[in-house]
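>>> next comes the sequence, and after it the predicted model I'd like to discuss.
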Amino acid sequence: MATQIHPTAIIESGAQLGTNVQVGAYAYVGAKVVIGDGTVLHHHANVEGRTTLGQQCEVFPFTCIGTKTHDLKFQGGEPGLIAGDRNVFREYVSIHGATNDGEFTRLGHDNVMLAYSHIAHDCLVGNHLVMSAQSALAGHVIVEDHVNIGWGTGVHQFCRIGAHVMLGGMSKIVQDVPPFIIADGNAAIARSINKVGLERNGFTPERMDAAKQAFRIFYRSGFNRTQAFDAMHQHALVAVADFQHFLKFVEKSERGVVAGR
C-alpha cells in the first residue's frame, strides 16, 4: 500500500515520510519530522519539532508529539524526540522534546500510552511500557522495560522506575522504584514482588526466586541500607542476573528508593 495523505493534512516541506505511511484529515507533520514505514497518523494528530517516529507506530487524534519542552530553562536550539517502532499514542497524549540543544527525549519499542498521559522533556523510556490514562512522567525520568503505570499516577522529576514494575493507580512516585516490584500509595511504598507481571513475562521459577530473595533482603530483613547491601553482596544468588539487576539499581540510586511497608 502506498503512502496515503488526506488532502486536508498539513505536511511541512522537509518532513520525511517512509513507505506505507497514512496521514489522516487535519493532521499536522512538522518540517523536521521523520516518520517510519507503516506508521499511521489519525485525523487531527500532531507531530512536530525535531522528532523521529519509528516504523508501524499509531498516533491517535489530538495527540501532541515532539512539542516544545515545558522546561523554563529552555534556551533555544534544536532538542528533539526519538521514538522507536510499534509505539501507540492514544488520544490527547503529549510527549515533549528535550530541553537542551542536541539532546533528545527517547522512547524504545512497543510502548502504549493511553489517553491524556504525558511524558515530559528528557525522559528515557525503554520497551513495553503500558502507561494508563491521565498518568504523567515529569522531566528526566528513566523507565526500564516492561513497566505498567496505573491510572492517574505521577512520577517526580529524575526518578527511575525499574524493569517489570507495576505502579498502582493514583500513586505518587517521589523516589526510585526498584525492579520487579509493585509500588502503590501516596507517597508510594513497595508492596510486594510483581508476581503476576513476572509470570506473564515468562519468568522461570529460578528467576522468580532471585527477584524474591533480593526483595526480601532489601525490604523485609530489618537491615538498614548498608547492611542490606552487605547481605546481598554475600548472598548465594549474587551472580544471578536478576538479583544483580536489583542490587545494582538500588546501589545506584541518588534520590533514594521507595520505602517498604
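That came through fine. Residues are numbered from 1 along each chain as shown.
>>> so who does the closest residue to Gln4 other than its chain neighbours touch?
Counting by C-beta to C-beta, 6 or more residues apart in numbering, the nearest residue to Gln4 once its immediate chain neighbours are dropped is Gln22, at 4.8 Å. In short, each C-beta sits where N, CA and C put it, glycine included. Gln22 sits next to 3-5, 39-41 when contact means C-beta atoms under 8 Å, 6 or more residues apart in numbering.
>>> report the lowest-confidence entry in these.
Ranked by pLDDT, the contacts of Gln22 bottom out at Thr3, which has 92.
>>> nearest spatial neighbour of it, chain-adjacent residues omitted?
Sequence neighbours aside, Val21 is the residue nearest to Thr3 in space, at 4.7 Å (criterion: C-beta to C-beta, 6+ apart).
>>> pretty sure the one you found sits against Thr39.
Yes: in this structure Val21 lies within contact range of Thr39 using C-beta atoms under 8 Å: 5.4 Å.
>>> go ahead and flag the most central residue of this structure.
Nearest to the centroid of the C-alpha atoms of the chain, with distances taken as C-alpha atoms, centre = their mean, sits Val125, at 3.5 Å.
>>> all helices for this structure, in order.
Using DSSP state H, the helices found in the chain span residues 195-200, 205-220, 225-233, 241-252.
>>> need the ones you listed in a markdown table (columns: mean pLDDT).
Output for those, formatted as a markdown table (pLDDT from 0 to 100):
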| stretch | mean pLDDT |
| --- | --- |
| helix 195-200 | 97 |
| helix 205-220 | 98 |
| helix 225-233 | 97 |
| helix 241-252 | 98 |
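>>> identify whichever of the ones you listed lies nearest to Gly77.
Closest to Gly77 of the helices of the chain, according to C-beta to C-beta: helix 241-252, at 29.7 Å.
>>> check which residues of that closest one are buried.
Of the residues in helix 241-252, those buried by neighbour count under the rule 16 or more other C-beta atoms under 10 Å are 242-243, 245-247, 249-250.
>>> if we can go back for a sec, quickly list what the residue nearest to the centre of the chain is bridged to.
Here Val125 shows beta-bridge partners Leu107, Val143, assigned using DSSP bridges.
>>> quick revisit: any idea how far the residue nearest to Thr3 is from Thr8?
Shown here: Val21 relative to Thr8, a distance of 16 Å by C-beta to C-beta, to the nearest Å.
>>> do the same with Phe246
Per C-beta to C-beta, Phe246 is found 51 Å from Thr8.
>>> ok, now Met232?
Distance, Met232 to Thr8, using C-beta to C-beta: 59 Å.
>>> neighbour count winner among these two?
Met232 (22 against 12; other C-beta atoms under 10 Å).
>>> who's in contact with the more buried one?
For Met232, the set of contacting residues under the criterion of C-beta under 8 Å, 6+ apart consists of 214, 217-218, 238, 243, 247.
>>> CSV for the residues you listed, including distance to Gly197?
Conversion of the contacts of Met232 to CSV gives the following (distance: C-beta to C-beta, whole Å):
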residue, distance to Gly197
Ala214, 16
Ile217, 21
Phe218, 18
Val238, 24
Phe243, 18
Leu247, 20
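>>> max pairwise distance over those: which two?
Phe218 and Val238, at 13.0 Å, using C-beta to C-beta across the contacts of Met232.
>>> surely the residue nearest to the centre of the chain meets Leu107?
Yes: with contact taken as C-beta under 8 Å, Val125 and Leu107 are classed as touching, separated by 4.5 Å.
>>> intersection of neighbour lists for the two?
Shared contacts of Val125 and Leu107, defined by C-beta under 8 Å, 6+ apart, are found at Ile119.
>>> can you say which of the contacts of Gln22 are buried?
Buried residues within the contacts of Gln22, defined by neighbour count using 16+ other C-beta under 10 Å: 5, 39-41.
>>> closest one of those to Arg207?
Relative to Arg207, the closest of the buried ones among the contacts of Gln22 is Thr39; by C-beta to C-beta it sits at 34.5 Å.
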